[in-house]
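1. coords please:
(one chain, ligands or ions: 1)
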Amino acid sequence: MIRFDVITIFPEIFDSYFKESILSQAVKKRLIKINIHNLRDYAKGRHQTVDDRPFGGGIGMVLKVEPIFKTVAALKKKSKAKVILFTPRGKKFNQKMAHRFSKLDQLIMISGRYEGVDERVAKYIADEKVSIGDFVLMGGELPAMMVIETVSRLIPKVIGKPRLLKERVTKEKGFLEFPQYTRPEIFSPKGKIKWKVPEVLLSGHHKKIEEWRKKHTKIIEK
Ligand code: ADE
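-> Residues are numbered from 1 along each chain as shown. Alright, predicted model coming up:
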């Protein structure tokens with residue numbers, strides 16, 4: 001079973017998301033485990049704060065290395081464990097990376113916030129730096145949710161319809177993403193205009209349907 005651990009200073013962000021989604025069922029079925037950790041819980045004692053001013057000056061605060069070090073040390077339990085740090089400077093997340101992560105026993109994710117994280121976290125604590133795209137968020141909480149969701153749906157039995165997965169995944173290439181339609185065949189939102197379903201999908205002609213889907217498929221590579 002894969003265990004996800006997220007280190008954050010805003011643990012509540014995750015509450016409703018993990019409660020509502022398919023992921024909560026996966027947790028109940030013990031297919032995955034998700035633990036959210038408040039960085040502040042590990043910053044008690046002598047050094048009470050989780051952030052401090054940047055050396056060299058500048059506006060904003062930087063997350064300190066010590067509480068993150070302590071948290072990761074306390075969490076690392078499994079042999080096949082990996083520690084990732086979310087940063088726009090990291091390697092771009094994709095399906096291939098998700099497949100790689102899905103083979104782990106434990107994925108520890110550090111969600112940075114504020115204006116940055118002490119670079120020694122990236123240098124000495126994280127095994128990998130991960131970006132979810134070339135844009136700047138306010139923190140690593142959304143990236144953590146994205147990684148957990150993408151990796152989880154690759155874990156056997158998390159998605160309730162294994163046939164569906166099989167149908168859409170080719171071994172060599174990856175996930176086949178094509179347009180889908182359902183009833184009605186014609187939808188007329190303003191009476192006159194007609195939004196139609198492509199004829200071929202109504203034809204019952206399996207070979208032609210397959211060809212049409214192939215033509216409109218985006219392959220999400222493994
Ligand atoms: N933190 C802020 N922006 C980010 C991004 N694009 N990817 C990962 N972590 C981030």
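2. Show me what the residue found closest to E128 once you drop the neighbours it is linked to in the chain is bridged to.
-> Spatial nearest neighbour of E128, excluding adjacent residues (C-beta to C-beta, 6 or more residues apart in numbering): I84 at 4.9 Å. C-beta coordinates here come from the backbone N, C-alpha and C atoms, glycine included. In this structure, I84 has the following beta-bridge partners (DSSP bridges): M109, E128.
3. Touching, I84 and I108? I think so.
-> Yes. Contact criterion C-beta atoms under 8 Å: I84 and I108 qualify, at 7.2 Å.
4. what residues are up against the closest residue to E177 other than its chain neighbours?
-> Leaving aside its sequence neighbours, E177 sits nearest to K218 (C-beta to C-beta, 6+ apart; 4.6 Å). Applying C-beta atoms under 8 Å, 6 or more residues apart in numbering, we find K218 in contact with L176, E177, F178.
5. so which strand or helix has the first one?
-> L176 is located in strand 174-177, with elements delineated by DSSP states H and E.
6. which is the next helix or strand following the helix-or-strand element of the chain with minimal mean pLDDT?
-> When the helices and strands of the chain are scored by mean pLDDT, DSSP states H and E, helix 162-168 comes last with a mean of 67. Stepping forward along the backbone from helix 162-168, the first helix or strand reached (DSSP H and E) is strand 169-170.
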